[in-house]
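Asker: got a structure for you, letters missing:
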């Protein structure tokens, strides 16, 4: 029997993935995967690890979930991951409490329905599933519309004081094929009202699945992208022109835990979970009614030294868009992203990326950096072209050389294309595995 020592509580965080995911009907902006913390460092035999098993899609259509005929407009996006109290064959002596942390812009999070299911790793069948948590039902009050129907009032924040809320009263957004869990009673406390001194909301269930969650509001300067329709006319849909922006945005940090996430020490434990996220209704804030005009063309030219460009109230950092390219020496085409970021000195830095699946059998794409093959990539700022006809770059993922000679950094391709209405909005959002050493 292992002897457990009482030591100070320590926290260990690893990013499952950081992904630009929401508000796009056509494509996505960026996708990155990263982690923080040293997975190799034991803390008094405190070992834990995670593995991302699958992610279903990198975008969510910005549409109302329920159409007028009562059918769903889209299906849930899913993330499947596994937690373990083992690393490199060493099992933790101490109990490890796992959590799921989601860091999302408030305009996104407040329009989501969420469920967390537990999977049998061998059979792949669902062994349990939390109630569907519709975040807006916990955050905002309801009012009657002109038809006498109760609808969410996003200007009126609820303030809970250990109130009992039954998820059966929430509007259902269950997807076909998702195991429908029984509704449960939650004890809810707190508020996310902007006028509150502490903007935190908690909810927990003492029976049933035992789900416990908290939502905290904060603000942060963040980068995001607006994707404009791009093409020869308004009926043409070429890869979008993404304007890269930065401004201060409200975010929600959502922590979720289940009793099964307590991985007891001394015995190997692995638990697999699947996250379901469904957009409940279309986001209609100002960005989604924006249109590109001739007066906006200067935004994709390098600003004078010391100047900054702004689109509405957001600082313009640069732009990016995707285009076709060929593997060097082959007829096979692939997708390359050209990204131009203003350098603050009257010019801009140009980077190229390979847009390709995360893995061979994956439908989700990853933006892999391209490095020069045997020399610098020759790029002419004035013409916005890669001028060396023999220029190639190597994908950091598979090492295949890509012919960059035909790439163009001008999204309007010398006047042959234009930009139109906003089709998408992309943020980097994070899903984090948070491990806490449980008290003995």
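Answerer: Structure received. Note that the structure is a prediction, hence the values are computed from the model and not measured.
Asker: and residue 113, what does it touch?
Answerer: Neighbouring residues of residue 113 by CB atoms under 8 Å, 6 or more residues apart in numbering: 65, 76, 132, 133, 134, 135, 173, 276, 277, 278, 280. For the C-beta atoms, the positions are set from N, CA and C on the backbone; glycine is no exception.
Asker: low-confidence ranges in the stretch 151-300 of the chain?
Answerer: Residues of the stretch 151-300 of the chain that meet the criterion pLDDT under 70 lie in 175-180.
Asker: now do the strands in the stretch 151-300 of the chain.
Answerer: 159-166, 185-191, 200-204, 212-231, 238-257, 262-263, 270-279 (DSSP state E, counting those that start in this stretch).
Asker: other SSEs contacting the shortest one?
Answerer: Counting contacts by 3 or more CB pairs under 8 Å, 6 or more residues apart in numbering; DSSP states H and E, strand 262-263 packs against strand 96-105.
Asker: tell me the strands beside the strand it packs on, with direction?
Answerer: Each strand that pairs with strand 96-105, with its direction, by DSSP bridges: strand 238-257 (antiparallel), strand 262-263 (antiparallel), strand 418-437 (antiparallel).
Asker: name the surrounding residues that touch it.
Answerer: When contacts are taken as CB under 8 Å, 6+ apart, the neighbours of strand 96-105 outside the stretch itself are 13, 22, 46-48, 83, 85, 109, 112, 116, 222, 224, 249-257, 261-263, 265, 271, 273, 275, 427, 429-438.
Asker: buried members of those residues into PyMOL, please.
Answerer: This is how PyMOL selects the buried members of the contacts of strand 96-105, with burial counted by 16 or more other CB atoms under 10 Å:
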select buried, resi 22+46+47+48+83+85+109+112+116+222+224+249+250+251+252+253+254+255+256+257+261+262+263+265+271+273+275+427+429+430+431+432+433+434+435+436+437
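Asker: rewinding a little: okay, the strands of the stretch 151-300 of the chain in JSON lines with distance to residue 102 next?
Answerer: Formatted as JSON lines, the strands of the stretch 151-300 of the chain follow (distance: least, CB to CB, whole Å):
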{"stretch": "strand 159-166", "distance to residue 102": "20"}
{"stretch": "strand 185-191", "distance to residue 102": "17"}
{"stretch": "strand 200-204", "distance to residue 102": "14"}
{"stretch": "strand 212-231", "distance to residue 102": "9"}
{"stretch": "strand 238-257", "distance to residue 102": "4"}
{"stretch": "strand 262-263", "distance to residue 102": "20"}
{"stretch": "strand 270-279", "distance to residue 102": "8"}
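Asker: of all those strands, which one is nearest residue 354?
Answerer: Nearest of the strands of the stretch 151-300 of the chain to residue 354, taken as CB to CB: strand 238-257 at 14.2 Å.
Asker: for stretch 196-204, the distance to its chain's centre please.
Answerer: Taking the mean C-alpha point of stretch 196-204 and that of its whole chain, the gap between them comes to 23 Å (CA atoms, centre = their mean, to the nearest Å).
Asker: ok, now stretch 87-99?
Answerer: 27 Å.
Asker: repeat that for stretch 420-440.
Answerer: The chain centroid and the centroid of stretch 420-440 are separated by 5 Å, computed with CA atoms, centre = their mean.
Asker: still on that earlier bit, for the strands of the stretch 151-300 of the chain, which one sits closest to residue 54?
Answerer: Ranked by CB to CB, the member of those that lies closest to residue 54 is strand 270-279, at 8.5 Å.
Asker: how about the closest one: buried residues?
Answerer: Buried-residue list, strand 270-279, by 16+ other CB under 10 Å: 271, 272, 273, 274, 275, 276, 277, 278, 279.
Asker: again with stretch 232-251
Answerer: 238, 239, 240, 241, 242, 243, 244, 245, 249, 250, 251.
Asker: those: which two are farthest apart?
Answerer: For the buried residues of stretch 232-251, the maximum inter-member distance is 32.9 Å, found between 238 and 250 (CB to CB).
Asker: how about the strands in the stretch 301-440 of the chain?
Answerer: 309-311, 314-327, 333-342, 348-357, 365-372, 379-380, 385-386, 392-395, 401-403, 418-437.
Asker: any idea which of the strands of the stretch 151-300 of the chain gets closest to residue 407?
Answerer: Among the strands of the stretch 151-300 of the chain, strand 238-257 sits nearest to residue 407 (CB to CB), with 12.7 Å.
Asker: hang on, the earlier thing: adding distance to residue 127, write the strands paired with strand 96-105 out as JSON lines.
Answerer: Shown next, in JSON lines, are these (distance: least, CB to CB, whole Å):
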{"stretch": "strand 238-257", "distance to residue 127": "17"}
{"stretch": "strand 262-263", "distance to residue 127": "16"}
{"stretch": "strand 418-437", "distance to residue 127": "20"}
